[in-house]
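Chemist: Fold the following and give me the result.
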Amino acid sequence: MSVADPRRIVLFRHAKADWPPVSDHERPLAERGRLDAAAAGRKLADSGVAFDLALCSTAVRTRETWKLAVHEFPKRPKTVYEERIYEASPGELIALLNETPDDAQNVLLIGHNPGVQGLADILAGASEGDARERMTRRGFPAAAFAVLTFTGPWKSLEPGTAALVDYWAPTE
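Modeler: Below you'll find the predicted structure:
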């Protein structure tokens, strides 16, 4: 793989969380969230894309989302649990993605709103089909994901350099 080959980034918002009396970071998934996380995993697995790396927030709900989603994959990618994703701004998420090794072609980032939605909006300088219209209309509900592509090294990823090629939400 060279840096001239298209790279794929999936920005995946955690599934629906419950509201027990715990800190925000420790909130687990609700029952609907567990079902939606698995459905999102099936949808991603059906795409046929082999992911090289998953960057997952350390929050309980993101780790649970990832565990249920990746169970649907034919092959588990390397997973890095990254504290910096929790409560990150789009700019902080871009900085994190800029650190990705260039041998990783397809990367999943499992995180939180408003950062994940903001990042999708900021990165997408172009879009294919009706993906942007659907994402704009639906917003970024729990368990939704946006698929973006770009060409070049990870350190060159910046606002407007990617194309939004797909969007999915549990009620799509």
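Chemist: Against E92, how distant is G152?
Modeler: To E92, G152 is 20 Å away according to Cβ to Cβ, to the nearest Å. For the C-beta atoms, the positions are set from N, CA and C on the backbone; glycine is no exception.
Chemist: In this structure, mark out all the helices, start to finish.
Modeler: Taking DSSP state H as the criterion, the chain carries its helices at 31-46, 60-70, 90-98, 115-123, 131-138.
Chemist: Out of those, which is closest to P21?
Modeler: When the helices of the chain are ranked by proximity to P21, the top entry is helix 60-70, at 13.8 Å, counting by Cβ to Cβ.
Chemist: Quick check: mean pLDDT of the closest one?
Modeler: Computed over helix 60-70, the mean pLDDT rounds to 98.
Chemist: Stretch 148-161 now?
Modeler: Mean predicted lDDT for stretch 148-161 stands at 97.
Chemist: Okay, the residue located most distally from the centre of the chain and R27: tell me how far apart.
Modeler: Residue distances from the centre of the chain (Cα atoms, centre = their mean) peak at P21, which lies 27.0 Å from the mean C-alpha position. Between P21 and R27 the distance is 10 Å, computed by Cβ to Cβ.
Chemist: Likewise for L164?
Modeler: Per Cβ to Cβ, L164 is found 29 Å from R27.
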